[in-house]
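>>> All I have is the shape, not the residue letters:
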């Protein structure tokens, strides 16, 4: 049950933080702003597509690779919300 509505809560809270940033941080996407914030653009999408398209998740997460230990956190991610709800 929790895993059905928590992604929506997460997406909405991220969207609200982004809306707050655009309305309260002066010159947010300007490269010369005082807080040094930058806006993600096509470079971020390009890098992500290279990582997931060329390298692929199998080469990063399969047994013996650098990030193979992170796969155990998916198991924890399934069990932990149930533990919190039931306690």
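Okay, I see it. Every value quoted in this text rests on a predicted model; they were computed, and no experiment measured them.
>>> When you work out contacts or count neighbours from here on, use the C-alpha atoms and nothing else.
Noted.
>>> Which helix or strand contains residue 75?
Using DSSP states H and E, residue 75 sits in helix 71-86.
>>> what distance separates that helix from the middle of the whole chain?
18 Å (CA atoms, centre = their mean, to the nearest Å).
>>> I'd like to know which elements that helix is packed against.
Counting contacts by 3 or more CA pairs under 8 Å, 6 or more residues apart in numbering; DSSP states H and E, helix 71-86 is packed against helix 2-24.
>>> Identify the residues contacting the helix it packs on?
With contact meaning CA atoms under 8 Å, 6 or more residues apart in numbering, helix 2-24 is reached by 28, 81, 82.
>>> Could you point out the helix or strand that follows the helix-or-strand element of the chain with minimal mean pLDDT?
One helix or strand of the chain scores below all others by mean pLDDT, DSSP states H and E: helix 42-50, with a mean of 70. Sequence order places helix 56-61 as the next helix or strand after helix 42-50, per DSSP H and E.
>>> Just the mean pLDDT for the helix holding residue 75, thanks.
Mean pLDDT, computed over helix 71-86, is 81.
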